[in-house]
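# Whatever this is, show me its structure:
(chains A, B and C)
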Amino acid sequence: MDIKKTPKKLNVKEKYRLMTRDLAWEPSYRDEKEIYPYVDYEGIKVHDWSKWEDPFRLTMDAYWKYQAEKERKYYAIIDAHAQNNGHLNVTDARYLTAIKLFLQGISPGEYAAHRGFARVGREFAGVGPQVACQMQSIDEIRHAQTQVHAMSNYNKFYNGFKDFATQRDRIWYTSVPRSFFDDAMSAGPFEFLIAIGFSFEYVLTNLLFVPFMSGAAYNGDMATCTFGFSAQSDEARHMTLGLECIKFMLEQDPDNIPIVQKWIDKWFWRGCRLLTLVAAMMDYMLPKRVMSWREAWNIYGVENGNALFRDLARYGIKPPMHWDDVEKSIDHTSHQIMLGLYQWKFGTAFHSWTPSASDIEWLKEKYPTTFEKYYLPRWEYAIAQKEAGGEYNNFGLPKLCQTCQLPCLFTEPDDPTQLCHRETEYEGEKYHFCSDGCQHVFEQEPEKYVQAWLPMPALMQEPLKGDLAAWMEWVSLESTAAGEYANSEDKANFEKWRKQVSTD
Amino acid sequence: MSKVFIILQANEDTRPIVEAIEQDNPDAEVVHEPAMVKVQAEGSLVVRRETIEEEIGREFDMQELNINLITLSGNVDEDEDALTLTWNS
Amino acid sequence: MQIDVQTVNIAQKNQTFTHLKKRFGDKKIPSRYQEASYDLQAVENLHYRPTWAPEQELYDPNLSKIRMSDWYDLKDPRQFYYSTYTLNRAKQQETMESNFKTVESLNLIEGMPDPVLKIAQDLLIPLRHLNYASNLNNTLVCGYGYGTVFTQPCVYHAMDNLGIAQYLSRLGLMIGDVESLEAAKQDWMESDAWQPLRRSLEDLMCVRDPVEVFIKQNFVLDGLLYPLVYQRIIDKHLLELGGSGISILTQFMTNWYLESVRWVDSVVKTMAAESAENKAVLEEWIDSAANHFTSVLLPVAGLAVEGNHTDELVSEVHEGLMKRATKAGLFK
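Numbering: from 1, shown residues only, chains lettered A, B, ... in the order given. This next block holds a predicted model:
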């Protein structure tokens, strides 16, 4: 056996190829199509899997080393937070609504992404994407778990956290993110990557994470803030996977371009609809606000999105189809959603409230063309009801959009005085949508969207048959977790405990 | 021209890294926000291992960036010596 | 306002999350493992069926012949969740890094007798391809299995297999540079000794029952391979020939296997105890796969040891595996 006396110095790219791509082999006893049965049916053509580039090139030993360091730092902070009653450092207990929404709505998505990336990490026929997707899969379970651990301490003291598992599958508003992730998971491997890897983790990620995590920082939530920054360092790798996957698909064959374009159109729209919940969070739920949804959109949506799509133009990719409708909605959706959540607060596992005088001044300033004209009157009406000793609750059930599953409470892009509603008949049934965007998504794949489990119709059917009390039991919603913030146990407890620690 | 950026957690580890980036990218802009620091530039940005090593006084593995990185914008090219962000448009 | 938050004991409202209380009561505070692993997977009211297999559900316990009334019974005795898993591996990684540095700086490879290097080249390096297949198989189980406690460890196991493949690749580079890896691949693809095993792996990569893949890959194949190659050949036979440097550089694999056995055996035991039907399915899979893999490992063992000794070693490990199966409640 000849031993090399002075081994060739391999550069990072070559070494990584030997550590990944070179591990695979061309099967000869079984057909590749048997081993990778799902890689053709979407119509995406791949001629050379080896063209997939992974910019970060982490081998497993490096992964373990750096991730462990992040974990050590993270849990040190979480433990300290728990030991020192860190929950009392938040601005006030209204802030908790934001993180309850996060645990109920977003954390299950992290878990779904973990499973989804495991699947595509198996189904792709090239080592490059396999390894990248597997790493994202293991990262995502990290996120799901670190989130549960961060929230665990809040759960000990406040309502609305303990039943997240039941509520994930049964309550009405969690169906919005759930349908988003189920849609991606039920899609083929290439669409899954465009949906989650590209659209969600690349185009829209900053719109989700920066508000939540900065919001946490601004409002004294050390646990969530720490989680956010720790998770975000993984997100940088996910973002590069997202950008790589789209470049790869577009460069492999020009026939892929129209398919990818359709997916970009669909997932950009679905993602923006999902983010309306984040918009409401940013504008209304954070006692100390980071920036407005409009401001976040301008930086992370417009500026960053434009840079991205200018870059992709060389492949023949156009900016997403309903971009203009999204732009027109930015100054409206947070208000529309929050007004909705407020009127249905008896049915949410988090509290809502009417904006204070200073909140209103801020909203006027940040939304000069829309807030005072269209939404302040409605808030003033709600406030007046409260002051007159009444309640502002809407016991009528919202009509949900068949696609995004949000209540149809949005307005026409060109007329904010008109509720937007669309209908499509399919195989004898009428389906309802909140927008052109959602109707378009449905009409591309009606056989998929007709399967959706809609929470509101489910409430009216067997076995609940419209019985609200029975529904509350079924979704594990206790009245102490729902309703007006001002009357809540959370508020009373928070204030009591804060007083305790500061006067002792 | 489009802006590229890199956002790092703001802590003792990243301060010298940000200083190194500023050195290698004189036209870059540094923006400080709670708990994070953003460095942005028109068209491209380079993070160089050598410059970082000069700042911190020890060997630095580019992959260490993973620990404090929050997010970035632009096409990424990384090797042992540098991480570069570019928009091609 | 200066807040001294350390001095006050605040009474908790909730001991834990409801789903954990339902499972474990609320006398004890649940562990981080429990919080991280139970009931995280969606269960009902799933929205759409997979477009790639419309007869299935998105999370489908019926993908397997094995049935559990509660898949969450398949708890991992190591209690690995992401953090404990990663911290654990980081420590092992540090040791391996130091091992590689030591072997390199002391030129231990150069000093090794040729027969040792030949065995390392012929037997160990091609296994990097087997570990790649194991990575894909475990990824499948994680993706399509049911219940977080069962699927979670499989992604760790998948990444471990990738890690092992990478350690073997580094070993190859140390022994014979890029040419070592090329030669190993050629053996994997063409030499007689490896073809039956390679064919078996390609067959296994076509199986879609996630539990069947788990059993045949993690219980049977690994249950034969690691005792054979790492315990008996590398850490004994090769050691006797002067190959301690190789042992040092495969220390991760040896320790990893022992740790994994705890988990895999526990899963098999729980599945077997669930029902007579499960027991029968497991016995059928294990019996046929054990016989099969034993026979395809014979020529592989022959790359390191000769004639009768090969048969001896291989039947030893087969026996050892069947003992594990009996301990887990099977074949009796």
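# OK, contacts around whichever residue of chain B sits closest to chain C?
Nearest residue of chain B to chain C (Cβ to the nearest Cβ) works out as residue B:61 at 12.1 Å. For glycine as for every other residue, the C-beta is placed from the backbone atoms N, C-alpha and C. By Cβ atoms under 8 Å, 6 or more residues apart in numbering or on different chains, the contact list for residue B:61 reads residue B:49.
# Skipping adjacent residues, who's closest to residue A:159 in space?
residue A:481 (4.0 Å; Cβ to Cβ, 6 or more residues apart in numbering or on different chains).
# Likewise for residue A:213?
Nearest to residue A:213 is residue A:228, by Cβ to Cβ, 6+ apart, at 2.9 Å.
# now the nearest residue to residue B:62 once chain neighbours are set aside: how far from residue C:214?
Once flanking residues are discounted, residue B:62 sits nearest to residue B:49: 5.4 Å by Cβ to Cβ, 6+ apart. Per Cβ to Cβ, to the nearest Å, residue B:49 is found 42 Å from residue C:214.
# Neighbour count for these two, which is higher?
residue C:214 (28 against 19; other Cβ atoms under 10 Å in any protein chain shown).
# Let me know the helix or strand that the more buried one is in.
Assessed by DSSP states H and E, residue C:214 sits inside helix C:210-214.
# Could you list every helix and strand in contact with that helix?
With contacts taken as 3 or more Cβ pairs under 8 Å, 6 or more residues apart in numbering or on different chains; DSSP states H and E, helix C:210-214 sits against helix C:127-144.
# Show the subsequent helix or strand relative to the helix it packs on.
helix C:148-190.
# Please see if that following helix touches chain A.
Yes. Using Cβ under 8 Å from any Cβ of the partner chain, we find that helix C:148-190 touches chain A at C:148, C:151-152, C:155-156, C:158-160, C:162-163, C:165-167, C:169, C:173-179, C:181, C:185, C:188-189.
# show me what contacts the residue of the stretch 201-350 of chain A found nearest chain C?
As assessed by Cβ to the nearest Cβ, chain C sits closest to residue A:220 within the stretch 201-350 of chain A, at 10.2 Å. Contacts for residue A:220 were tallied using Cβ under 8 Å, 6+ apart; they are A:89, A:90, A:91, A:95.
# Restricted to buried residues, select the residues you listed in PyMOL.
For the buried members of those, the matching PyMOL selection, counting by 16 or more other Cβ atoms under 10 Å in any protein chain shown, is:
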select buried, chain A and resi 89+90+95
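# Looks like residue A:362 contacts residue A:290 (just checking).
No. Using Cβ atoms under 8 Å, residue A:362 is not in contact with residue A:290, being 11.8 Å away.
# In the stretch 301-450 of chain A, which residue sits nearest chain C?
Closest point on the stretch 301-450 of chain A to chain C, by Cβ to the nearest Cβ, is residue A:448, at 5.3 Å.
# Quick check: mean pLDDT of the strand or helix carrying that residue?
Take DSSP H and E as the rule and residue A:448 turns out to sit in helix A:446-449. Regarding helix A:446-449, the rounded mean pLDDT is 98.
# Tell me the buried residues in that helix?
Quick answer for helix A:446-449 (16+ other Cβ under 10 Å): A:446, A:448, A:449.
# which residues sit against that helix?
A:183, A:186, A:402, A:403, A:424, A:426, A:427, A:431, A:441, A:442, C:48, C:51.
# Name the member of those with the most neighbours.
Ranking these using other Cβ under 10 Å puts residue A:403 first, with 30 neighbours.
# Quick one: low-confidence residue ranges for chain B.
B:1, B:89 (pLDDT under 70).
# Tell me the secondary structure of the residue positioned nearest the centre of chain B, please.
Central residue check for chain B by Cα atoms, centre = their mean: the C-alpha nearest the mean position is that of residue B:47, 4.7 Å away. Three-state assignment for residue B:47 (DSSP: H, G, I helix; E, B strand; the rest coil): strand.
# same question, residue A:423
From three-state DSSP, the assignment for residue A:423 is strand.
# still on that earlier bit, what about the residue of chain B closest to chain C, distance to residue A:65?
Note on residue B:61: its distance to residue A:65, by Cβ to Cβ, is 9 Å.
# For chain C, tell me whether stretch A:232-249 is touching it.
No. If you take Cβ under 8 Å from any Cβ as the test, stretch A:232-249 misses chain C, and the best it gets is 10.8 Å.
# With distance to residue A:306 as extra columns, can I get the buried residues of helix A:446-449 in a markdown table?
Shown next, in a markdown table, are the buried residues of helix A:446-449 (distance: Cβ to Cβ, whole Å):
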| residue | distance to residue A:306 |
| --- | --- |
| A:446 | 33 |
| A:448 | 31 |
| A:449 | 30 |
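# ok, of these, which one's closest to residue C:219?
residue A:448 (37.8 Å; Cβ to Cβ).
# For residue C:129, give me its contacts.
So residue C:129 contacts A:23, A:24, A:25, C:165, C:184, C:185, C:188, C:198 (Cβ under 8 Å, 6+ apart).
# 7 Å - rerun?
A:23, A:25, C:188 (Cβ atoms under 7 Å, 6 or more residues apart in numbering or on different chains).
# Mind giving me the ChimeraX command for buried ones among those?
With 16+ other Cβ under 10 Å as the criterion, this ChimeraX line picks the buried residues out of the contacts of residue C:129:
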select /A:23 /C:188
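# Look at residue 54 and tell me its secondary structure.
As the question left the chain open, I've gone with chain A. Applying three-state DSSP: residue A:54 is coil.
# The intended chain is chain C.
coil.
# where does it sit relative to chain A, distance-wise?
With the distance defined as Cβ to the nearest Cβ, to the nearest Å, residue C:54 ends up 9 Å from chain A.
# With chain B as the reference, measure out to that residue.
From residue C:54 to chain B the distance is 37 Å (Cβ to the nearest Cβ).
# what about that residue, neighbour count?
Neighbours of residue C:54 using other Cβ under 10 Å come to 12.
# Check residue A:130 too.
Around residue A:130 there are 27 residues (other Cβ under 10 Å).
# residue contacts, the closest residue to chain A within chain B?
With Cβ to the nearest Cβ as the measure, residue B:2 is the residue of chain B nearest to chain A, at 3.3 Å. Under the criterion of Cβ under 7 Å, 6+ apart, the contact list for residue B:2 reads A:307, A:310, B:43, B:87, B:89.
# What does the closest residue to it other than its chain neighbours show for phi and psi?
Leaving out its chain neighbours, the residue that sits closest to residue B:2 by Cβ to Cβ, 6+ apart is residue A:307, at 3.3 Å. Main-chain dihedrals, residue A:307, degrees, to the nearest 10: phi -60, psi -40.
# thought residue A:307 was touching residue B:85?
No. Between residue A:307 and residue B:85 there is no contact under Cβ atoms under 7 Å: 10.9 Å.
# Settle it for me: which of these two has more neighbours?
residue B:85 (23 against 20).
# Hmm, the more buried one is touching residue B:43, no?
No. Residue B:85 is not in contact with residue B:43 according to Cβ under 7 Å; the separation is 9.3 Å.
# Now do the shared contacts for the two.
residue B:4.
# So, low pLDDT: which residues of chain C?
C:1-8.
# one step back: how close does the residue nearest to residue A:213 sit to residue C:207?
Distance from residue A:228 to residue C:207, by Cβ to Cβ: 40 Å.
# and if you look at residue A:417?
60 Å.
# okay, those two: which has more neighbours?
With neighbours defined as other Cβ under 10 Å, residue A:417 and residue C:207 compare such that residue C:207 has more, 13 against 8.
# Tell me who's in contact with the more buried one.
residue C:213.
# give me that answer again for 8 Å
By Cβ under 8 Å, 6+ apart, the neighbours of residue C:207 are C:213, C:216.
# Can you tell me the element it falls in?
Per DSSP H and E, there is no helix or strand for residue C:207.
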